[in-house]
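[1] Sequence and predicted structure are below.
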Amino acid sequence: MEWSTLIADLIRANEQAALCIIVQSRGSTPRTVGAKMLVRANGSIHGSVGGGALEKAVISQALRVIHSRKPQTFRHDLLHQHNMCCGGSVDVYIEPIMNKQRLYIFGAGHTGHALARHAASLDFEIVLIDDRKEFLDAISLTEVSKLHLDYKLALPLLPFDEHTFVAIMTYSHPYDRDILAYCVRKPFAYLGMIGSERKVELTKKMFIDANIASDDLLASVDMPMGDPIGAETPDEIAISILSRMIAVRRTVVDR
(Lines give C-alpha, C1' and ligand atoms only; values in the text may rest on other atoms or scores of the structure.)
Protein backbone atom coordinates (compact mmCIF):
# COMPACT_ATOMS: atom_id res chain seq x y z
CA MET A 1 0.00 0.00 0.00
CA GLU A 2 1.24 3.52 -0.83
CA TRP A 3 2.21 5.58 2.21
CA SER A 4 -0.11 8.43 1.21
CA THR A 5 -3.04 6.01 0.94
CA LEU A 6 -2.25 4.42 4.30
CA ILE A 7 -2.04 7.79 6.05
CA ALA A 8 -5.24 9.02 4.40
CA ASP A 9 -7.03 5.86 5.57
CA LEU A 10 -5.83 6.42 9.14
CA ILE A 11 -7.03 10.03 9.12
CA ARG A 12 -10.43 9.02 7.76
CA ALA A 13 -10.69 6.36 10.48
CA ASN A 14 -9.59 8.92 13.10
CA GLU A 15 -6.90 6.44 14.19
CA GLN A 16 -3.88 7.75 16.09
CA ALA A 17 -0.45 6.97 14.66
CA ALA A 18 3.00 8.44 13.96
CA LEU A 19 5.22 8.36 10.88
CA CYS A 20 8.92 7.70 11.55
CA ILE A 21 11.47 8.65 8.86
CA ILE A 22 15.27 8.31 8.86
CA VAL A 23 16.38 11.80 7.84
CA GLN A 24 20.15 11.37 8.32
CA SER A 25 22.53 8.44 8.65
CA ARG A 26 26.24 8.18 9.41
CA GLY A 27 28.49 5.18 8.98
CA SER A 28 27.16 1.65 8.73
CA THR A 29 23.38 1.42 9.38
CA PRO A 30 20.74 -1.22 8.59
CA ARG A 31 18.54 1.30 6.73
CA THR A 32 19.40 4.57 5.02
CA VAL A 33 17.85 8.02 4.63
CA GLY A 34 14.21 7.86 3.59
CA ALA A 35 13.35 4.56 5.31
CA LYS A 36 9.89 4.84 6.88
CA MET A 37 7.89 3.13 9.59
CA LEU A 38 4.35 3.85 10.71
CA VAL A 39 3.50 3.16 14.35
CA ARG A 40 -0.12 2.88 15.46
CA ALA A 41 -1.27 3.75 18.98
CA ASN A 42 -1.55 0.03 19.80
CA GLY A 43 2.16 -0.45 18.99
CA SER A 44 1.69 -2.27 15.68
CA ILE A 45 3.88 -1.15 12.80
CA HIS A 46 4.02 -0.89 9.02
CA GLY A 47 7.44 -0.63 7.37
CA SER A 48 10.80 -0.61 9.13
CA VAL A 49 13.65 1.69 10.16
CA GLY A 50 16.12 -1.12 10.80
CA GLY A 51 14.78 -3.76 13.15
CA GLY A 52 16.20 -4.95 16.46
CA ALA A 53 16.87 -2.69 19.42
CA LEU A 54 16.78 0.43 17.24
CA GLU A 55 13.29 -0.29 16.02
CA LYS A 56 12.06 -1.12 19.52
CA ALA A 57 13.36 2.25 20.77
CA VAL A 58 11.80 4.15 17.85
CA ILE A 59 8.42 2.50 18.49
CA SER A 60 8.58 3.61 22.12
CA GLN A 61 9.47 7.16 21.05
CA ALA A 62 6.66 7.15 18.46
CA LEU A 63 4.12 6.20 21.12
CA ARG A 64 5.26 9.18 23.20
CA VAL A 65 4.93 11.47 20.18
CA ILE A 66 1.41 10.17 19.53
CA HIS A 67 0.50 11.09 23.11
CA SER A 68 2.14 14.54 22.99
CA ARG A 69 0.96 15.25 19.43
CA LYS A 70 4.26 17.10 18.92
CA PRO A 71 6.85 16.14 16.22
CA GLN A 72 10.39 15.42 17.34
CA THR A 73 13.74 14.21 15.96
CA PHE A 74 15.71 11.54 17.84
CA ARG A 75 19.38 10.59 17.32
CA HIS A 76 20.37 6.94 17.79
CA ASP A 77 23.98 5.82 18.20
CA LEU A 78 23.61 2.17 17.21
CA LEU A 79 26.65 0.81 19.05
CA HIS A 80 26.56 2.79 22.29
CA GLN A 81 22.78 3.09 22.73
CA HIS A 82 21.59 -0.18 21.23
CA ASN A 83 24.64 -2.47 21.18
CA MET A 84 24.24 -2.97 17.44
CA CYS A 85 27.50 -4.00 15.77
CA CYS A 86 26.93 -1.98 12.58
CA GLY A 87 28.14 0.97 14.64
CA GLY A 88 26.73 3.95 12.73
CA SER A 89 24.07 6.43 13.80
CA VAL A 90 20.72 7.66 12.48
CA ASP A 91 18.43 10.63 13.06
CA VAL A 92 14.77 9.65 13.06
CA TYR A 93 12.09 12.30 12.58
CA ILE A 94 8.73 11.30 14.10
CA GLU A 95 5.60 13.14 12.99
CA PRO A 96 2.23 12.47 14.66
CA ILE A 97 -0.64 11.93 12.26
CA MET A 98 -2.86 14.72 13.48
CA ASN A 99 -6.41 13.47 13.59
CA LYS A 100 -9.15 16.02 13.89
CA GLN A 101 -10.28 16.60 17.45
CA ARG A 102 -13.92 15.77 18.07
CA LEU A 103 -16.32 18.53 19.03
CA TYR A 104 -19.71 17.46 20.32
CA ILE A 105 -22.28 20.26 20.21
CA PHE A 106 -25.44 19.47 22.16
CA GLY A 107 -28.15 21.73 20.79
CA ALA A 108 -28.85 22.77 17.19
CA GLY A 109 -30.42 26.14 17.96
CA HIS A 110 -29.11 29.43 16.59
CA THR A 111 -25.97 29.43 18.76
CA GLY A 112 -25.24 25.73 18.22
CA HIS A 113 -25.60 26.26 14.47
CA ALA A 114 -23.23 29.26 14.61
CA LEU A 115 -20.70 27.32 16.68
CA ALA A 116 -20.76 24.40 14.22
CA ARG A 117 -20.35 26.75 11.26
CA HIS A 118 -17.36 28.60 12.70
CA ALA A 119 -15.74 25.47 14.16
CA ALA A 120 -15.88 23.76 10.75
CA SER A 121 -13.18 26.13 9.50
CA LEU A 122 -10.91 25.24 12.44
CA ASP A 123 -10.39 21.56 11.63
CA PHE A 124 -12.65 20.02 14.26
CA GLU A 125 -14.56 16.80 13.63
CA ILE A 126 -18.01 18.10 14.55
CA VAL A 127 -21.04 16.16 15.72
CA LEU A 128 -24.20 18.20 16.27
CA ILE A 129 -26.75 16.43 18.50
CA ASP A 130 -30.40 17.38 18.94
CA ASP A 131 -33.73 15.61 19.43
CA ARG A 132 -35.50 18.14 17.17
CA LYS A 133 -35.33 16.89 13.59
CA GLU A 134 -36.54 20.15 12.08
CA PHE A 135 -33.64 22.07 13.61
CA LEU A 136 -31.06 19.60 12.30
CA ASP A 137 -32.70 19.54 8.87
CA ALA A 138 -32.34 23.32 8.66
CA ILE A 139 -28.54 23.00 8.93
CA SER A 140 -26.72 22.19 5.69
CA LEU A 141 -23.03 22.07 6.64
CA THR A 142 -21.25 19.29 4.80
CA GLU A 143 -18.42 19.25 7.38
CA VAL A 144 -20.82 18.55 10.26
CA SER A 145 -22.29 15.19 11.25
CA LYS A 146 -25.83 15.45 12.61
CA LEU A 147 -27.25 13.05 15.18
CA HIS A 148 -31.02 13.09 15.66
CA LEU A 149 -31.50 11.33 18.97
CA ASP A 150 -32.73 11.91 22.48
CA TYR A 151 -29.75 13.11 24.49
CA LYS A 152 -29.91 10.21 26.94
CA LEU A 153 -29.76 7.76 24.02
CA ALA A 154 -27.01 9.67 22.22
CA LEU A 155 -24.55 9.99 25.11
CA PRO A 156 -23.64 6.28 25.51
CA LEU A 157 -22.94 6.07 21.77
CA LEU A 158 -20.29 8.81 21.76
CA PRO A 159 -16.60 8.01 22.35
CA PHE A 160 -14.71 10.30 24.74
CA ASP A 161 -10.98 10.78 25.24
CA GLU A 162 -8.56 13.45 26.45
CA HIS A 163 -8.84 15.25 23.08
CA THR A 164 -12.66 15.51 23.08
CA PHE A 165 -14.34 18.94 23.12
CA VAL A 166 -17.93 19.28 24.39
CA ALA A 167 -20.27 22.28 24.16
CA ILE A 168 -23.62 22.01 25.97
CA MET A 169 -26.31 24.43 24.75
CA THR A 170 -29.68 22.70 24.47
CA TYR A 171 -33.09 24.39 24.79
CA SER A 172 -33.62 22.92 28.26
CA HIS A 173 -31.77 23.61 31.52
CA PRO A 174 -32.55 20.12 32.88
CA TYR A 175 -31.20 18.59 29.65
CA ASP A 176 -28.06 20.70 29.96
CA ARG A 177 -27.53 19.48 33.52
CA ASP A 178 -28.15 15.84 32.60
CA ILE A 179 -25.60 16.06 29.78
CA LEU A 180 -23.10 17.82 32.03
CA ALA A 181 -23.53 15.18 34.76
CA TYR A 182 -22.68 12.48 32.21
CA CYS A 183 -19.77 14.27 30.52
CA VAL A 184 -18.03 15.65 33.61
CA ARG A 185 -16.90 12.13 34.60
CA LYS A 186 -15.63 11.31 31.11
CA PRO A 187 -12.17 12.22 29.78
CA PHE A 188 -12.20 15.50 27.86
CA ALA A 189 -10.00 18.34 26.67
CA TYR A 190 -12.77 20.92 26.98
CA LEU A 191 -16.22 20.80 28.54
CA GLY A 192 -18.46 23.85 28.60
CA MET A 193 -22.07 24.71 29.34
CA ILE A 194 -23.89 27.84 28.22
CA GLY A 195 -25.97 29.86 30.67
CA SER A 196 -26.24 32.77 33.05
CA GLU A 197 -24.25 33.16 36.25
CA ARG A 198 -27.38 32.20 38.20
CA LYS A 199 -27.83 29.00 36.16
CA VAL A 200 -24.19 28.10 36.73
CA GLU A 201 -24.26 28.71 40.48
CA LEU A 202 -27.49 26.73 40.85
CA THR A 203 -26.01 23.88 38.79
CA LYS A 204 -22.88 23.78 40.94
CA LYS A 205 -24.95 23.68 44.14
CA MET A 206 -27.20 20.92 42.78
CA PHE A 207 -24.21 18.80 41.68
CA ILE A 208 -22.34 19.18 44.96
CA ASP A 209 -25.43 18.55 47.11
CA ALA A 210 -26.28 15.43 45.08
CA ASN A 211 -22.66 14.24 45.15
CA ILE A 212 -22.54 14.25 41.34
CA ALA A 213 -19.28 16.17 41.16
CA SER A 214 -16.89 17.91 43.52
CA ASP A 215 -16.17 21.62 43.48
CA ASP A 216 -12.69 20.86 42.09
CA LEU A 217 -14.13 18.78 39.24
CA LEU A 218 -16.69 21.45 38.41
CA ALA A 219 -13.87 24.00 38.26
CA SER A 220 -12.61 22.21 35.15
CA VAL A 221 -15.88 23.03 33.34
CA ASP A 222 -16.10 26.26 31.35
CA MET A 223 -19.38 27.77 32.55
CA PRO A 224 -20.73 30.20 31.68
CA MET A 225 -19.14 29.07 28.43
CA GLY A 226 -16.87 31.36 26.41
CA ASP A 227 -14.60 34.35 26.92
CA PRO A 228 -16.24 37.40 28.57
CA ILE A 229 -16.16 39.71 25.52
CA GLY A 230 -19.69 41.07 25.84
CA ALA A 231 -20.99 38.69 23.17
CA GLU A 232 -24.70 38.94 22.41
CA THR A 233 -25.49 37.50 18.96
CA PRO A 234 -25.19 33.77 18.18
CA ASP A 235 -22.10 34.40 16.05
CA GLU A 236 -20.45 36.51 18.75
CA ILE A 237 -21.19 33.87 21.39
CA ALA A 238 -19.84 31.13 19.11
CA ILE A 239 -16.61 33.07 18.58
CA SER A 240 -16.21 33.65 22.32
CA ILE A 241 -16.58 29.88 22.88
CA LEU A 242 -14.13 29.01 20.12
CA SER A 243 -11.62 31.42 21.62
CA ARG A 244 -11.62 29.28 24.76
CA MET A 245 -11.46 26.05 22.75
CA ILE A 246 -8.48 27.26 20.73
CA ALA A 247 -6.59 28.16 23.91
CA VAL A 248 -7.33 24.71 25.33
CA ARG A 249 -6.37 22.97 22.08
CA ARG A 250 -2.98 24.71 22.07
CA THR A 251 -2.42 23.64 25.67
CA VAL A 252 -3.37 20.02 24.89
CA VAL A 253 -1.05 19.91 21.86
CA ASP A 254 1.90 21.56 23.60
CA ARG A 255 1.87 19.78 26.93
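    Happy to help now that I have it. Numbers count the residues shown, from 1 in each chain.

[2] what's in contact with stretch 204-219?
    177, 180-181, 184-185 (Cβ atoms under 8 Å, 6 or more residues apart in numbering). Where you see a C-beta, it was placed from the backbone N, CA and C, and this is true even at glycine.

[3] Of all the residues in that stretch, which ones are buried?
    Residues of stretch 204-219 classed as buried by neighbour count (16 or more other Cβ atoms under 10 Å): 204, 207, 212-213, 218.

[4] Check stretch 126-142 too.
    Using 16+ other Cβ under 10 Å as the test for burial, stretch 126-142 gives 126-131, 135-136.

[5] would you list those residues in a markdown table and tack on distance to residue 171 and pLDDT?
    Shown next, in a markdown table, are those (distance: Cβ to Cβ, whole Å; pLDDT from 0 to 100):
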| residue | distance to residue 171 | pLDDT |
| --- | --- | --- |
| 126 | 19 | 92 |
| 127 | 18 | 93 |
| 128 | 14 | 95 |
| 129 | 12 | 94 |
| 130 | 9 | 95 |
| 131 | 9 | 94 |
| 135 | 9 | 95 |
| 136 | 13 | 93 |
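
[6] Mind checking which of these land in helices?
    Of the positions in the buried residues of stretch 126-142, 135-136 sit in helices, assigned by DSSP state H.

[7] tell me which of the buried residues of stretch 126-142 is nearest to residue 118?
    Nearest to residue 118, judged by Cβ to Cβ, of the buried residues of stretch 126-142 is residue 126 at 10.2 Å.

[8] Am I right that that closest one is in contact with residue 118?
    No. Using Cβ atoms under 8 Å, residue 126 makes no contact with residue 118, being 10.2 Å away.

[9] in the protein, which helix has the most residues?
    Ordering each helix of the chain by length in residues (DSSP H) puts helix 234-254 first.

[10] before we move on, the earlier item: present the buried residues of stretch 204-219 as a markdown table; the columns should include distance to residue 82.
    Shown next, in a markdown table, are the buried residues of stretch 204-219 (distance: Cβ to Cβ, whole Å):
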| residue | distance to residue 82 |
| --- | --- |
| 204 | 54 |
| 207 | 52 |
| 212 | 51 |
| 213 | 48 |
| 218 | 48 |
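
[11] what's the farthest-apart pair in those residues?
    Farthest pair in the buried residues of stretch 204-219, by Cβ to Cβ: 204 and 212, 10.1 Å.

[12] Would you indicate which residues of the one helix or strand in the chain whose mean pLDDT sits lowest are buried?
    The helix or strand of the chain with the poorest confidence is helix 78-82; it has a mean of 71 (mean pLDDT, DSSP states H and E). In terms of neighbour count (16+ other Cβ under 10 Å), helix 78-82 has its buried residues at 78, 82.
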